[in-house]
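Q: 3D, please:
(one chain, ligands or ions: 1)
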Amino acid sequence: MKIDAPIGIFDSGIGGVIIAKEITMQMPNENIIYFGDTMNMPYGEKSKDFIIKNSIKIVSFFLKKKCKAIVIACNSVTSNALEEIKKKFNRKFIIFNVIEPIVKNKILLTSNRIGIIATPATIRSNFYVKEINKYYHHLDIIQVSAPLLAPMIEKGIEIIKIKNIIKNYLNNLKSIDTLLLACTHYLFFKKEIENLYYGRVHIHIIDIQKIVVQEIKKILKEKKLYSTTTSSSYHHKKLEIFYTSTFIPCFFKKKIYTLFGKDILFKRYVFN
Ligand code: DGL
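A: This next block holds a predicted model:
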């Protein structure tokens, strides 16, 4: 594995971009290739088998791109397909995901009742409950499935229009002290969700992307794969190649440009 090889990041669509952005901030010399499987979004509505099959195609694509690591920037994939992905690709590169670093983080030690809002596929898997129970026995866990949210965020619907839908979902998470936005799409609205609680109760909304990327950085350093200099052997620097499985609308591109600047190459890639 080469230190200046890219990191492959994927999600069903735009959600994982929040993780990619955090990587460019905490690890500015890493090269990133992003893949958003927009053709098959929402993953939250798909079966476990479908999610496994599709993720394997995406991870194989990153293997061809000679990535040194991949980041599963999707809770639905992590909770349904992590085991299979690890089984198949463990020796090929380092595999990161957005759930294990959060569950292992001692941040949960100070919580008593944690609310998890996620896609139907993530809730159905019960992955969070199983993982949390491995490390903690004091935590009450309440989960709510939010089927409408990720597709609306993907379509670029503004927060103002979906605020009530979010509120309704959150109403199911009574008396929690910690909230996990367990779908990367929701991370776009973390501030707005915080504002919904402001002045009423104190709820700690976990900073998923920070914790996930701290873990990636730590492991890459340990494995001597953390890039400290910009390399010339790869054409893509930071996030410059953005693959999606459909053509993407203007607002989507605009969002990416706003987050990463203009030097991004958008490419469409469809699996057979
Ligand atoms: N962003 C994905 C997640 O973290 C899911 C969105 C979808 O349903 O496709 O679960």
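Q: only C-alpha atoms from now on, for both contacts and neighbour counts.
A: Fine.
Q: so who does the closest residue to residue 74 other than its chain neighbours touch?
A: Ranked by CA to CA, 6 or more residues apart in numbering and with sequence neighbours excluded, the top spatial neighbour of residue 74 is residue 11, at 5.0 Å. Shown in contact with residue 11 (CA atoms under 8 Å, 6 or more residues apart in numbering): 35-37, 72-74, 77.
Q: can you rerun that using 10 Å?
A: Residues counted as contacts of residue 11 (CA atoms under 10 Å, 6 or more residues apart in numbering) are 17, 34-38, 41-43, 55, 58, 71-77, 184-185, 244.
Q: next one, pLDDT for it please.
A: Here, the pLDDT recorded for residue 11 equals 98.
Q: what about it, distance to residue 161?
A: Counting by CA to CA, to the nearest Å, the gap from residue 11 to residue 161 is 24 Å.
Q: quick revisit: and the residue nearest to residue 74, bridged to which residues?
A: On the basis of DSSP bridges, residue 11 is bridged to residue 36.
Q: parallel or antiparallel, list what pairs with the helix or strand of the chain with the lowest mean pLDDT.
A: Taking mean pLDDT, DSSP states H and E as the measure, the helix or strand of the chain with the lowest value is strand 238-244, at a mean of 84. Its sheet considered, strand 238-244 pairs with strand 31-36 (parallel), strand 265-268 (parallel) by DSSP bridges.
Q: starting at the chain centroid, how far to that strand?
A: 15 Å (CA atoms, centre = their mean, to the nearest Å).
Q: got the contact list for residue 26?
A: So residue 26 contacts 210, 213-214, 216-217 (CA under 10 Å, 6+ apart).
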